[in-house]
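Undergrad: Okay, here's the prediction I keep looking at, along with the sequence it came from:
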Amino acid sequence: MAAALALPATYGPRIARAVARAPRIPVIWLEGQDCAGNTEAFLRASHPTVGDLVLEILSVDYHETLMAAAGAAAERSRIETMDRFPNGYIAVVEGSIPIADGGIYCVVGGRTFREIAIEVCSGALAVIAVGSCAFDGGLPAAIGGTTGAVGIGQLVHGPPIINLPGCPMNVQNLTATIVHYLTFGVWPALDGRGRPLFAYGQLIHDQCERRAHFEHGEFVQTWGDEGHRKGWCLYKMGCKGPATFANCPTVRFNDRTSWPVKVGHGCIGCTMPGFWDQMSPFYRHLPAPPPFPTDVTVDDIGIGLVGIVGGLAAAHAVGSYVRRRRLDRAAAATAASSEPPATAPAEPEPDSDAVGGNGGGR
């Protein structure tokens with residue numbers, strides 16, 4: 001968890017102590033227009049496992065796919081959780097929310113999902129949008145969609161909204177987000193799009209194991225060619241790594257064993273806004289460098305450099321500068337958010353004492 005949160009290893013004992021004594025947080029997990037891919041990712045969690053998450057860290061009181069209750073009994077479970085823990089539960093939203101034609105394109109228990117999402121999320125301690133559909137509408141919101149799909153952040157305002165885009169999201173980032181709150185009493189620092197900086201603060205391109213081949217001009221030209229067999233850069237095959245912010249290369253998937261680029265498929269930019277429209281065709285590289293992040297200004301970069309940004313060297317120089325700025329800001333924000341609230345008893349400083357597992361004993 002310390003590594004996932006971009007914290008020094010010395011924070012490990014502090015995180016373990018916090019999780020060991022933290023009460024289990026109630027969770028209401030809503031599913032709208034979705035493929036259940038994020039639920040599948042949740043079930044494949046490791047370090048900690050989904051069993052540890054459900055039995056030791058979270059109290060998943062409502063989840064249509066996982067819960068034993070059904071029908072009216074399931075809906076009562078959601079309502080009872082809201083009544084027992086006003087402003088004390090986490091709302092996890094998976095899938096987009098259709099708002100066209102009164103929201104009739106997704107109805108649960110006779111009520112529109114739009115109505116349920118507003119009711120649940122407005123009274124939550126925080127809202128965590130898992131996956132690209134909950135982030136900004138995802139596939140249902142792509143050109144040609146008819147349901148008026150939006151992300152939860154476009155519909156609900158008030159409680160903190162933390163976006164974990166991806167198709168699906170990496171469950172390690174969900175766990176780390178919640179553990180950050182349990183450890184420090186605050187949610188992790190976010191970028192301008194509401195994404196945690198620890199997970200979305202760096203370009204995939206800068207962390208990619210194929211980066212050296214990019215620098216040496218070694219590109220895959222066709223699927224299955226010699227360069228593909230040797231693990232060369234996939235940029236010319238449409239990889240969107242140079243335009244995508246995420247920690248996929250370092251956190252990976254499937255119990256941290258691999259990720260798409262490692263196994264020979266280019267990044268499709270699924271953590272970025274409107275990726276179905278903005279990043280397609282997926283097997284053709286973008287014709288120009290992506291726009292600068294919203295938190296970096298022309299003054300930060302320099303007018304002269306902006307003027308020649310079309311050149312590869314300039315783009316790399318800008319990318320390096322932007323990366324340094326993001327890392328500096330992320331480090332400062334993490335350090336600031338790592339301090340406990342003023343009203344809480346001070347936590348001991350990180351130390352090297354051995355504290356086992358996920359807190360155990362429960």
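TA: Received it, and whenever you're ready, just let me know what you need.
Undergrad: low-scoring stretches of this structure, by residue?
TA: Judged by pLDDT under 70, the chain has its weakly predicted residues at 288-362.
Undergrad: per-domain residue ranges of it.
TA: 9-199, 204-326 (automatic domain parsing).
Undergrad: Straight-line length of the first one, end to end?
TA: Spelled out, it's domain 9-199. 17 Å (C-alpha to C-alpha, to the nearest Å).
Undergrad: Counting neighbours, what do you get for the closest residue to I118 other than its chain neighbours?
TA: Of all residues not flanking I118 in the chain, V156 sits nearest, at 6.0 Å (C-beta to C-beta, 6 or more residues apart in numbering). All C-beta spots, glycine's among them, are computed from the backbone N, C-alpha and C. A count of nearby residues for V156, using other C-beta atoms under 10 Å, gives 21.
Undergrad: Kindly report the same for T175.
TA: Neighbours of T175 under the rule other C-beta under 10 Å: 22.
Undergrad: for it, helix, strand, or coil?
TA: Recorded secondary structure, T175: helix (DSSP: H, G, I helix; E, B strand; the rest coil).
Undergrad: With the one 5 residues further on instead?
TA: Three states are possible here, and by three-state DSSP the one that applies to H180 is helix.
Undergrad: how far does stretch 159-177 stretch from start to finish?
TA: Stretch 159-177 end-to-end distance (C-alpha to C-alpha) = 15 Å.
Undergrad: now swap in stretch 210-220 and tell me
TA: End-to-end for stretch 210-220, by C-alpha to C-alpha: 11 Å.
Undergrad: For H228, give me phi and psi.
TA: Here is the backbone geometry of H228 (degrees, to the nearest 10): phi -60, psi -40.
Undergrad: Kindly apply the preceding question to R24 instead.
TA: Dihedral angles (degrees, to the nearest 10) for R24: phi -70, psi 130.
Undergrad: Quick check: closest non-adjacent residue to it.
TA: Going by C-beta to C-beta, 6+ apart, R24 has S59 as its nearest residue, at 4.4 Å.
Undergrad: Tell me which of the domains of the chain approaches A2 most closely.
TA: For A2, the closest of those is domain 9-199, at 4.5 Å, according to C-beta to C-beta.
Undergrad: That closest one: how far from the chain's middle?
TA: 11 Å (C-alpha atoms, centre = their mean, to the nearest Å).
Undergrad: Give me the contact list for stretch 112-124.
TA: 28, 30, 32-33, 78, 82, 86-87, 89-91, 93, 97-99, 102-104, 106-108, 127, 152, 155-156, 158-159 (C-beta atoms under 8 Å, 6 or more residues apart in numbering).
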